[in-house]
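Participant: Sequence first, predicted model second:
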Amino acid sequence: QTRETLKMFLTTLLLGSAVTAVPGNPKAIQVCNSLNFSMKVEVMHGFGPIDGYSRNSGCAYQCGRKTFRWDNGPQGFGDGARPGSTTQWPSCMTVGATWDPELALEWGRAMGEEFWNKGTNIQEGPGVNIARIPKNGRTFEYLSGEDPILGKVMVQPLVDGIQENVMAISKHYILNNQETHRSGVNEVVDEKTMMELYGPPFAAAAKKSAGFMCAYNRVNGVYACENKETLRTQLKEYYNFSGFVVSDWGACHSTGFAINNGLDIEMPDGKFFTEENIQAALDTKNITMDMIDESCVRILSGWYNLPEDKRHPCGGGICISRNVSTSEHKALARNLSSASTILLKNEGNLLPLDKSKTVVLIGPQAQVSYTAGQGSGGVQTNDIISPVSAFAALGIKATYEAADTVDAAVAAAKAADIAIVFGFAKSGEGHDRSSLNLEGNIDQVIPAVGAAQKNTVVVLTVPGNILTDWRDSVPAIVTNLLPGEQFGNALGDVLYGAVPPSGKLTVTFPNKDNEQGMTTEQYPGVKTAEFDLQANYSEGQIVGYRWYDKHNVKPAFGFGHGLTYGTFEYSDLNVNGRTVTFKVTRSAGTGCDVPQVYIGFPGHATDVTIPTKVLRYFQKTCDQETTVTYTFTDEDVSNWSVETKSWVVTTGDYDISVGTSSTDISLTGKMTV
């Protein structure tokens, strides 16, 4: 092996072409200068399974072998062959609901450690797409929820944490907003909407990530993995991204066209990016050797930018069978799950519960728990802690009722002091959700139990938006989104007060299905002369909470909503130039809050295309009294100019809104720019 590697190095030193004017890690540039054409091509495609690792791409023998090892996914090591050997973390969307960048950093660090200890070089995550479609099957994989600023703030520490150990791949770039016909749907969006709404989380990730994964869908008529506008112009020019772009699995459709337009690696193998095909593209002058050199530097820079002692994970060994889920990681998973649990409603302060009271746990979710989405973003485990087992460990006098019938659930509820009804909804890659309802009969069980038992708590384990038509029939509702393996433990911590809830919604819970009134042309799209399915983003930026604001519709539960076991008061708003200051005081109880600062751009009251308000700042506060200060940057008050292809400060009068959610605004003011 050593002799072969040395021979290859000497050969490439003699035959390699010079790399000029390619930005990147100096060592990567030096190595790429030494490689011959064949070796440069090898780093640009996958090799399939090797040594028990299912996903590999060339590393030019710099990583101690022929290939980098990759694995899914955005919420943990997803090799499904060894369930229980890695931590099943809360989903990306769930961690986003903490609104806590410090926790994102801790989570990234822990995930990266598990990937490293498994012997992999690259984590295929995080996911940062903006939620456009409530039924999107992969919303749970994405950190940003409905808001670009939330995604922008959370993604950078998450990537920093991952890259203390392995390379991070931010995905799916861009407009991967539905699973329906995902491999061919043409997403049609205007440039301003792309840059202002869907782009910012990726722009932030571009400052940190080793790589980006381009999506399956088309964007304005061209596949995302060979789209010059999104890859070359937007990502590598506007966002100044210095890393590499890898295709989603099977999302590469050409050779010269893809390379010319910005794709660096084809995965999972080399169907198009073969030496023969790339040489042919060079011969016909469809691409240049500079492009191949650029890809080489971009790819190897990600590896050389890692800490030197992390470049050979697991000492270079084959460690795929290791159990890398430590007690510390399980404790962090529990903390993340409790910190992201959202208290939607708590009439009469039913929560936290009294441990001396008898409880009935209603619904199959209480015993055989659904905790994570399916597909490449899923992590299989044998270590799920159900509420039934967790409550027993807490010493709670609890019984279980499967709720096969509504009558059985009602009878069990009447026999206990407190009824906790568990509902869940499934989601996964490859298909959108068929409805926004809970699985089974739980939507019928909840109001019946609520009528029979005044002390009823509903726990929702869901992958995003959900309908709650029964919400007025019960006093307390919490959602833990997709909480991961520590479901029961974290829920017990919150419901019994060991950890006050502090999560906030990252998506809007609607009053009814398709409340925003999207047409078929908008979702899932219609057949056209050129495309089997085309989805038109004719709503522009008026989607998610921005739609509810613009149409003055109160949702069931708004973006940013989340209660705790205390009461917070907002006061003393002061606007001085571009600086806003206000006080947040906990007037009763315990817990944390996340004050949110929104601005309304000039003209929003009369222009139907301008959102009423958009999030610009948030800060988690747990102290008795906190003075929050924020100074708006040029970026905060700029709009994208299609004419000049640049951000331009928008002058005029701005509305300032401060509150605990997008629908609960306590302070308002004005700012002139």
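Facilitator: Sure thing, it's come through. Numbering: from 1, shown residues only.

Participant: which stretches of this protein have low pLDDT?
Facilitator: By pLDDT under 70, the low-scoring segments of the chain are 1-22.

Participant: hmm, try it at 50
Facilitator: Across the chain, the ranges flagged by pLDDT under 50 are 1-20.

Participant: which residues touch the closest residue to residue 365 other than its chain neighbours?
Facilitator: If the residues on either side of it in the chain are set aside, residue 365 comes closest to residue 422, at 3.8 Å by Cβ to Cβ, 6 or more residues apart in numbering. All C-beta spots, glycine's among them, are computed from the backbone N, C-alpha and C. Neighbouring residues of residue 422 by Cβ atoms under 8 Å, 6 or more residues apart in numbering: 361, 362, 363, 364, 365, 366, 387, 442, 458, 459, 461.

Participant: Report the secondary structure state of the first one.
Facilitator: Reducing the assignment to helix, strand or coil with DSSP: H, G, I helix; E, B strand; the rest coil, the entry for residue 361 is strand.

Participant: Hmm, it is touching residue 391, no?
Facilitator: Yes. In this structure, residue 361 is within contact of residue 391 by Cβ atoms under 8 Å, at 6.7 Å.

Participant: Highest neighbour count among the contacts of residue 422?
Facilitator: Neighbour counts for the contacts of residue 422 peak at residue 362, which has 32 neighbours (criterion: other Cβ atoms under 10 Å).

Participant: if we can go back for a sec, overlap of the contact sets of residue 361 and residue 391?
Facilitator: What both residue 361 and residue 391 touch, as defined by Cβ under 8 Å, 6+ apart, is the set residue 398.

Participant: Roughly how far does residue 125 sit from residue 324?
Facilitator: Separation of residue 125 from residue 324 (Cβ to Cβ, to the nearest Å): 16 Å.

Participant: Residue 584 now?
Facilitator: Computed with Cβ to Cβ, the distance linking residue 584 and residue 324 is 40 Å.

Participant: Compare these two and say which is more crowded by neighbours.
Facilitator: Neighbours of residue 584 and residue 324, each counted by other Cβ under 10 Å, are more numerous for residue 584; the result is 23 against 18.

Participant: now that one, nearest residue through space, not along the chain?
Facilitator: Excluding its sequence neighbours, the residue lying closest to residue 584 (Cβ to Cβ, 6+ apart) is residue 626, at 4.8 Å.

Participant: With residue 514 instead?
Facilitator: In this structure, residue 514 finds its nearest non-sequential neighbour in residue 134, 7.9 Å apart by Cβ to Cβ, 6+ apart.

Participant: go on, residue 638?
Facilitator: According to Cβ to Cβ, 6+ apart, the nearest residue to residue 638 is residue 647 (4.1 Å).

Participant: what ranges do the strands span in the stretch 101-250 of the chain?
Facilitator: Under the criterion DSSP state E, counting those that start in this stretch, the stretch 101-250 of the chain contains strands at 122-124, 167-173, 186-188, 211-214, 218-219, 222-223, 244-247.

Participant: I'd like to know which elements the last one is packed against.
Facilitator: Secondary-structure packing of strand 244-247 (3 or more Cβ pairs under 8 Å, 6 or more residues apart in numbering; DSSP states H and E): strand 211-214, helix 289-304.

Participant: mind checking which of the ones you listed is nearest residue 562?
Facilitator: Counting by Cβ to Cβ, residue 562 lies closest to strand 211-214 out of those; the figure is 30.6 Å.

Participant: Residues touching that closest one, excluding its own?
Facilitator: By Cβ under 8 Å, 6+ apart, the list of residues contacting strand 211-214 from outside reads 122, 124, 167-174, 202, 205-206, 224-225, 227, 230-231, 235, 241, 243-248, 251, 263, 265, 299, 302.

Participant: redo that, cut-off 6 Å
Facilitator: With Cβ atoms under 6 Å, 6 or more residues apart in numbering as the contact definition, strand 211-214 has outside contacts at 169-173, 224-225, 243-248, 302.

Participant: now stretch 503-520
Facilitator: For stretch 503-520, contacts defined as Cβ under 6 Å, 6+ apart pick out 96-97, 99, 131, 145-146, 340-342, 436, 464-465, 526, 544-545, 547, 555-562, 594.

Participant: Whichever of these end up buried, select them in PyMOL.
Facilitator: Written as a PyMOL command, the selection of buried residues from the contacts of stretch 503-520, which uses 16 or more other Cβ atoms under 10 Å, is:
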select buried, resi 96+97+99+131+145+146+340+341+342+436+464+465+544+545+547+555+556+557+558+559+560+561+562+594
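
Participant: Just to be careful, could you list which of the contacts of stretch 503-520 are in strands?
Facilitator: Where these overlap with strands, as defined by DSSP state E, the overlap consists of residue 342.

Participant: So which of the contacts of stretch 503-520 are in helices?
Facilitator: The helices, defined by DSSP state H, take in 96, 545, 547 from the contacts of stretch 503-520.

Participant: now the second one: how far from residue 437?
Facilitator: Shown here: residue 545 relative to residue 437, a distance of 22 Å by Cβ to Cβ.

Participant: ok, which stretches of the stretch 251-400 of the chain are helices?
Facilitator: Listed from the start of the chain, the stretch 251-400 of the chain has helices (DSSP state H, counting those that start in this stretch) covering 256-260, 275-283, 289-304, 327-339, 387-393.

Participant: Convert the C-alpha atoms of the second one to PDB, please.
Facilitator: Just to be clear, that refers to helix 275-283. What follows is the C-alpha trace of helix 275-283 in PDB, where atoms were taken according to Å, rounded to 0.1, in the frame of the first residue of the first chain:
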ATOM      1  CA  GLU A 275     -11.900  10.200 -17.400                       C
ATOM      2  CA  GLU A 276     -13.100   9.400 -20.900                       C
ATOM      3  CA  ASN A 277     -16.100  11.800 -20.700                       C
ATOM      4  CA  ILE A 278     -14.100  14.600 -19.100                       C
ATOM      5  CA  GLN A 279     -11.300  14.300 -21.700                       C
ATOM      6  CA  ALA A 280     -13.900  14.400 -24.400                       C
ATOM      7  CA  ALA A 281     -15.400  17.600 -22.900                       C
ATOM      8  CA  LEU A 282     -11.900  19.100 -22.800                       C
ATOM      9  CA  ASP A 283     -11.200  18.100 -26.400                       C
END
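
Participant: just checking, what packs against that helix?
Facilitator: Where contact means 3 or more Cβ pairs under 6 Å, 6 or more residues apart in numbering; DSSP states H and E, helix 275-283 is packed against helix 37-42.
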